[in-house]
Every structure is written in structure tokens, then in C-alpha cells.
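S.K.: Here's my sequence, what's the structure:
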Amino acid sequence: MSTSYKEAQNIKNTTLLRELLEDMPDFLSEFFRGIADTKTSNTRINYAYDLRNFFDYLITEEDSFKDIGLHKLKVSHLDDITSDMIEGFLDYTSYYQKTYEEKNTSTFIRSEHTQERQNKERGKSRKLSAIRTMYNYFLKKRKIETNPTKIIETPKEREKAIVRLEVDETAKLLDVVESGEKLTSRQQAYHKRTQKRDLAIITLLLGTGIRLSECVGIDLHHIDFDTGGIKITRKGGAEVIIYFGDEVRAALLDYIKVRQDMIAVEGHENALFLSLQNKRLTDRAIQNLVKKHANSITQLKNISPHKLRSTYGTNLYKETGDIYLVAAVLGHKDVNTTKKHYAEMEQDRRRAAANIVKLRET
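M.R.: Numbers count the residues shown, from 1 in each chain. Down below sits the predicted model:
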């Protein structure tokens, strides 16, 4: 029986979370059960990685915790953790190397590997969020008495300019995906088999502004050509319908004709976009195909699926001037998020407005 992408991801994440909990303090099992109904499985996995790193840091770097084994840590030890320790951990994550023992789920053989990690403000903010959520949970349950995260400032992210494609670059990108003329001879051999798929994906991203994960999760029965709508799963798990125009429709219909002749691997029968191995395309695969084609038209911009989303948002705002519409279509829960991304354009519109109203005829 075929499972949906969302169901498959939840099963995969549940298995992964259980494995991660084997290398974490025992009391965290309660925490992850407690937030299961309010946090997505992806968020819980991210929390698990961040909290695993945090407690590893405590027992290896903080003197007062070095003599306590990982599985001997109790929830009461949270009251012994100071804000200085948490800030020390955040500073430590700027750059560190860590050796982890991983278990192969198919062979059950454990092996060690060392990872080199760096975190900037965004990564540190996510780690602080995981720690803060853990403290809030156990404080609410009255199992601890203190919350040192209350006095820790969230690392402030530096504002980044929006990287997007200009109108002529968008046209060039679609042209090279269609023709494959700027690809290497090796890439062109594969291009003949994936051209309609790649064009459908990039046209869809540029024409709707959906997220990478939303694109990956689309099943065949999620598309309704009569209404021009696609059902997608937003961040947080909410299912919504987004609508597409004629160019997206044409690209999808061309690909669907090819897709109908493909025999998907068991468990992937419902997936819209398939790999050459007839499995659902992964996030990484779509990132790579976007990068491959985008490199043909610009070396100055690092174009990713998210940059195509920014391109759509920019074009929609230019055409409508409606920041609330852009927020709704992109799936931003808070319009301030949208305003932050498009503040520069908003300022340009206000500047242009200065000369629109004439006080006296000239």
C-alpha cells in the first residue's frame, strides 16, 4: 500500500527521533512526547539534534557536569544550568568538531564519524529556541524552578539582500532548461530524459512561489487542472490550495504525459516528480537541478529553489503592490515577515509616490 509523502516523512522522522533519544538524557523522552501535538515532526528532529549537542557540550566542557554520565542526568539538573553555560554553548557552536556514533538501520552496525560544524546567528537562534522550549515545557509541568533562557538575548540575524532573478534572467533560465544547450555533453545525455520534468519543476517554482518541501510533497492527485489548483502541505502541516497560471499549466501537462508512462518504485506510485530511478525526487535532487541550470545563466548569484520563491514574491509585489496578498500566497503566517523581505521595494514605492500627487498644475 502506497503512503503519502507526509506519512512517509512522519514515519522516517519518528524512527530517527527514537535513535537520537538513545544518545540523550532519559527525561527528554517525556519532553518530545509532550510537544508531539504542537510541533511538526521536522521541528522535533531539529530540536533533538540541537539538544543532543547541548547536553554533549555540558558533560564534556562544563566542569560541574563532567562527572555526570549522559544517562544519569535528571530533569532536576536543569536547575543547575546557568545562563552563562547556555551562552557558552552558543559561542561554542560558532565552530566545533564532534565525533558521533551512528547506527546503520539496515545492518545495525555502529560506526564513528567526525563532523565539522559552524553556526551563525540563525543557527544559534534555532538552538536557543530548542533549549528555551524545553525549559518552558518542564517549568509548566512544575518539574523545575528556574528558566535561565529568559535573560538570554536571541542572536540577531544580519539583514541580507534578497537574491532573485531579473526578468531577462528568468526567461534565460527557462530557455536553457528547455534547450539544454549550455549543459556539458554528459549532462545533455541525461537532459533528454529529464527535460520536461525539470522544466515543469522550475516553471512551478517560479510561477507559484511554493517552498522546496511543498514541491517535493506533491502527489499526482493533488493537481486539479479544471480549477488550476494544487494542494500542498505548508510548514506546520496545514494543507492549502495554491493556484497556477497558463505557463505552469502547460509545463505540468507536458510532464504529466511523460509521467504516465513511468512505472514508479513501490511506495512512490503517487509522487508527481520522479527521479531516473523512478522514486520521488528528494529535496537535494531538486536543489541540484536548479543549481545546475541556473549556473548556465549566472555565476554571480547563488540560485536555489528559495531564490526562485523570492523571484516570484518580487514579481507578484511589483505587479500588485499588495503586501498582504504576497504574504497570503507565500504562506507567511506574519505579514511582518513579508514586509522585512520586501522592505527595500516598499521604500522605492513610497519614494515614487512623492511625485505622483501634484499640488499645482505646471
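S.K.: What sits closest to Ile151 if chain neighbours are left out?
M.R.: Spatially, and ignoring its direct neighbours in sequence, Ile151 is nearest to Ser83 (5.3 Å; Cβ to Cβ, 6 or more residues apart in numbering). The way it works is simple: take the backbone N, C-alpha and C, and place the C-beta from them, glycine included.
S.K.: Now do the phi/psi pair for the one you found.
M.R.: Here is the backbone geometry of Ser83 (degrees, to the nearest 10): phi -60, psi -30.
S.K.: I'd like the mean pLDDT over the helix or strand that contains Leu199, please.
M.R.: Taking DSSP states H and E as the definition, Leu199 sits inside helix 185-208. Helix 185-208 shows a mean pLDDT of 91.
S.K.: Then stretch 26-40?
M.R.: Averaging pLDDT along stretch 26-40 gives 94.
S.K.: can I assume the residue nearest to Ile151 is in contact with Thr149?
M.R.: Yes. Under the criterion of Cβ atoms under 8 Å, Ser83 makes contact with Thr149 at 7.4 Å.
S.K.: Which of those two has more residues huddled nearby?
M.R.: It is Thr149, of Ser83 and Thr149, that has more neighbours when counted by other Cβ atoms under 10 Å, with 19 against 14.
S.K.: From Tyr312, how far out is that one?
M.R.: Separation of Thr149 from Tyr312 (Cβ to Cβ, to the nearest Å): 37 Å.
S.K.: next one: Gly228
M.R.: Gly228 is 16 Å from Tyr312, by Cβ to Cβ.
S.K.: Name the residue in those two with the higher neighbour count.
M.R.: Tyr312 (22 against 15).
S.K.: Could you double-check that that one sits in contact with Thr208?
M.R.: Yes. Look at Tyr312 against Thr208 with Cβ under 8 Å: they come within range, at 6.7 Å.
S.K.: residue contacts, the residue nearest to Ile151?
M.R.: Counting by Cβ atoms under 8 Å, 6 or more residues apart in numbering, Ser83 touches 148-149, 151-152.
S.K.: and with 6 Å instead?
M.R.: Going by Cβ atoms under 6 Å, 6 or more residues apart in numbering, Ser83 touches 148, 151-152.
S.K.: I'd like the distance between it and Lys120.
M.R.: For Ser83, the distance to Lys120 - Cβ to Cβ - is 21 Å.
S.K.: got it, and Ala200?
M.R.: With Cβ to Cβ as the criterion, Ala200 and Lys120 are 34 Å apart.
S.K.: So for the two, which residue has more residues nearby?
M.R.: Set Ala200 next to Lys120 and count neighbours by other Cβ under 10 Å: Ala200 wins out with 23 against 12.
S.K.: pLDDT score for the closest residue in space to the more buried one that isn't next to it in sequence?
M.R.: Leaving aside its chain neighbours, Ala200 sits nearest to Tyr255 (3.8 Å; criterion: Cβ to Cβ, 6+ apart). pLDDT for Tyr255: 97.
S.K.: thinking Tyr255 is in contact with Thr194, fair?
M.R.: No. Using Cβ atoms under 6 Å, Tyr255 makes no contact with Thr194, being 9.9 Å away.
S.K.: Show me what counts as buried in stretch 197-210.
M.R.: 197-210 (16 or more other Cβ atoms under 10 Å).
S.K.: Please read the previous query as pertaining to stretch 143-155.
M.R.: Quick answer for stretch 143-155 (16+ other Cβ under 10 Å): 144, 147-149, 152, 155.
S.K.: Quick one: residues in contact with it.
M.R.: Here stretch 143-155 has contacts from 75, 78-79, 82-83, 86, 121, 124-125, 131-132, 135, 138-139, using Cβ under 6 Å, 6+ apart.
S.K.: Wasn't Asn13 part of a helix?
M.R.: Yes. Assigned with DSSP: H, G, I helix; E, B strand; the rest coil, Asn13 falls within a helix.
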